[in-house]
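Peer 1: next input, structure requested:
(one chain, ligands or ions: 1)
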Amino acid sequence: MIDFSLTDEQKNLQKKARDFAQEYMLPYASYYDKTGEFPTPIVKKAWEAGLMNLGIPKEYGGPGLGLVDACIAVEEFAAGCAGMTTSIFANQLGPEPVLIAGSHEQKEKYLRPLTKEPKLVSFACSEPGMGSDVAGIKTTARKEGDSYILNGAKFWITNAPHADYFTVFASLDPSKRHKALCAFIVDADTPGVKTGKPVEKMGHRASATSSVMFRDAKVPGENLLAGEGQGFRIAMQTFAMTRPAIAAFATGLARASMEFARAYTDKREVFSSKLREFEVIQFKLAEMYMKVETSRLLYLKAAWAADNTPDATIPASVAKAYATDAAMWCASEAVQIHGGYGYIDQYPVEKLFRDAKLYQIYEGTSEVQRLILGRFVLDGYQPAMENLPKWTGQKAPDF
Ligand SMILES: Cc1cc2nc3c(=O)[nH]c(=O)nc-3n(C[C@H](O)[C@H](O)[C@H](O)COP(=O)(O)OP(=O)(O)OC[C@H]3O[C@@H](n4cnc5c(N)ncnc54)[C@H](O)[C@@H]3O)c2cc1C
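Peer 2: Below is the predicted model of the structure:
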């Protein structure tokens, strides 16, 4: 059975997140974009409103919502401010390896505190020398007694300067690539762990991105997730859970681009008519609407697969690749509809354009999603029409 309707609970969550975005995000989005300050009061408010850490199971004090629910909420958030949403949602990405692979004790120790205080968690996978090629991680983990000694550098880590702990991917032997990867929970105050200054970014300026250095950082063996050599699997499973959400972010941004563009077409007059009167402009709005609708269907399908099937990798890549390209296109056309005013900071579309770009890069680039999908079509996909007949040389049928 296919049912496209939301439950009453989902409608309430959507409204709560939409109201939050309109009251606490949109009005302050320009301020945080300009200053690059970390939006601590907004993150705190989101936590107080119960709109953070949605995926933490009830057993560990959280609301225990599925990914479909989380995606419905983050579409609303991202329509308010992409940067703040990245800061808030990093708390879904950071602890995801613990949710996927943590023992009961690890979950109790590292998930429950997030429901008691507005603490932040970072996912530390990328490095200065690698992002797409996760198996190429160079940060090392050396076993020493009951502990592991971590050495290396992570880069681009969202919320790192504010994080209480990190989920860190490191290798027992970089030459063994994915086979030697391990995932650890690392407390931010571990001696030898140091975060860098946040970098200046094109967009998502309300999120803090910085390096994390590990210099002989001693991590207790009990903080290893799942077992040695399980890091690559955990990272891939994490992405299958978080990519649908990035597609939902992108849908929110695309929708906001369409709505700001729509409003402008009612204001601006050219050649003695409002912009909305011109078919060329209507077609742009129509195209935006089709992309928003398609993106939403795709992220819902991917999130549903993440909630209900053992592996959502493929629908997650479809949704992420499509929705993030769609958001970039919608933001670009929204700037175009604003003409020169779209290019300056007097209207929000200039920020939407800068913010949209990141969606095509983080959590696996658009190219990486296409690599995954290309390999799937060639090697994993089961053709619907098996035994394709010879195309030419057939005689007329006699049935
Ligand atoms: C603001 C921001 C926040 C981030 N937050 C986090 C975070 O919290 N945690 C974290 O771990 N990481 C984070 N990242 C890192 C992000 O995930 C990486 O930047 C991303 O995965 C790409 O890696 P890279 O930058 O090393 O690019 P590269 O891997 O060097 O890729 C460069 C280009 O080559 C393309 N490419 C790569 N491989 C192939 C291939 N096989 N075939 C064809 N094309 C290819 C890529 O698509 C890209 O266009 C963040 C990045 C940014 C910018």
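Peer 1: three-state assignment of Asn151?
Peer 2: Secondary structure, DSSP: H, G, I helix; E, B strand; the rest coil: Asn151 is strand.
Peer 1: surely it is in contact with Lys138?
Peer 2: No. Using CB atoms under 8 Å, Asn151 and Lys138 do not qualify as a contacting pair, with a distance of 9.5 Å. Backbone N, C-alpha and C define where each C-beta goes, glycine included.
Peer 1: ok now the lowest-mean-pLDDT helix or strand in the chain, how far from the chain's centre?
Peer 2: Of all the helices and strands that make up the chain, helix 82-93 has the lowest average by mean pLDDT, DSSP states H and E, namely a mean of 95. Taking CA atoms, centre = their mean, to the nearest Å, one finds helix 82-93 lying 8 Å from the centre of the chain it belongs to.
Peer 1: just stretch 292-311 next, same as before
Peer 2: Relative to its parent chain, stretch 292-311 has a centroid offset of 14 Å by CA atoms, centre = their mean.
Peer 1: and the stretch 251-399 of the chain, which residues reach the ligand?
Peer 2: By CB under 6 Å from any ligand atom, the part of the stretch 251-399 of the chain that sits against the ligand consists of 358, 361-365, 367-368, 371.
Peer 1: just the buried subset of the residues you listed, written out for PyMOL, thanks.
Peer 2: Here is the PyMOL command that picks out the buried ones among these, judged by 16 or more other CB atoms under 10 Å:
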select buried, resi 358+362+363+364+365+368
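Peer 1: measure Ala82 to the ligand for me?
Peer 2: Per CB to the nearest ligand atom, to the nearest Å, Ala82 is found 11 Å from the ligand.
Peer 1: kindly report the same for Ala306.
Peer 2: Taken as CB to the nearest ligand atom, the span from Ala306 to the ligand is 19 Å.
Peer 1: element containing that residue?
Peer 2: In this assignment (DSSP states H and E), Ala306 forms part of helix 279-308.
Peer 1: distance from the chain centre to that helix, please.
Peer 2: Relative to its chain's centre, helix 279-308 lies at 17 Å (CA atoms, centre = their mean).
Peer 1: show me the strands in the protein, by range?
Peer 2: 120-124, 140-144, 147-158, 163-171, 181-187, 193-195, 209-220, 224-225, 269-270, 273-274 (DSSP state E).
Peer 1: okay if I get the ones you listed as TSV plus mean pLDDT, distance to Tyr343 and mean neighbour count?
Peer 2: Listed next are these as TSV, based on pLDDT from 0 to 100; distance: least, CB to CB, whole Å; neighbours: other CB atoms under 10 Å:
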stretch	mean pLDDT	distance to Tyr343	mean neighbour count
strand 120-124	98	34	28
strand 140-144	98	46	17
strand 147-158	98	28	21
strand 163-171	98	36	26
strand 181-187	98	43	24
strand 193-195	98	35	19
strand 209-220	98	25	19
strand 224-225	98	46	22
strand 269-270	97	16	10
strand 273-274	98	21	12
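Peer 1: hmm, back to that, so which bits of the helix holding Ala306 are buried?
Peer 2: Neighbour-count burial for helix 279-308, counted by 16+ other CB under 10 Å, picks out 281, 284-285, 288, 291-292, 294-296, 298-307.
Peer 1: one step back: for Ala316, find the nearest of the strands of the chain.
Peer 2: Nearest of the strands of the chain to Ala316, taken as CB to CB: strand 120-124 at 15.7 Å.
Peer 1: just to revisit the earlier point, I'd like the strands of the chain as TSV, with distance to Leu26 appended.
Peer 2: Converted to TSV, the strands of the chain look like this (distance: least, CB to CB, whole Å):
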stretch	distance to Leu26
strand 120-124	22
strand 140-144	43
strand 147-158	21
strand 163-171	26
strand 181-187	35
strand 193-195	29
strand 209-220	22
strand 224-225	37
strand 269-270	26
strand 273-274	25
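Peer 1: contacts only, for Met261.
Peer 2: To be clear, residue 261 is Ala; Met isn't right here. 284-285, 288, 333-334, 337-338, 349 (CB atoms under 8 Å, 6 or more residues apart in numbering).
Peer 1: kindly report the same for Glu48.
Peer 2: By CB under 8 Å, 6+ apart, the neighbours of Glu48 are Pro118.
Peer 1: redo that, cut-off 7 Å
Peer 2: Shown in contact with Glu48 (CB atoms under 7 Å, 6 or more residues apart in numbering): no residues.
Peer 1: please identify which of the contacts of Ala261 is nearest to the ligand.
Peer 2: Checking these against the ligand by CB to the nearest ligand atom gives Val349 as the nearest, at 20.2 Å.
Peer 1: spell out which parts of the stretch 101-250 of the chain neighbour the ligand.
Peer 2: So the stretch 101-250 of the chain meets the ligand at 122-126, 130-132, 156-158, 201, 204, 209 (CB under 6 Å from any ligand atom).
Peer 1: in these, find the pair that's most separated.
Peer 2: Across those, no pair lies farther apart than Met130 and His204, at 21.1 Å, counting by CB to CB.
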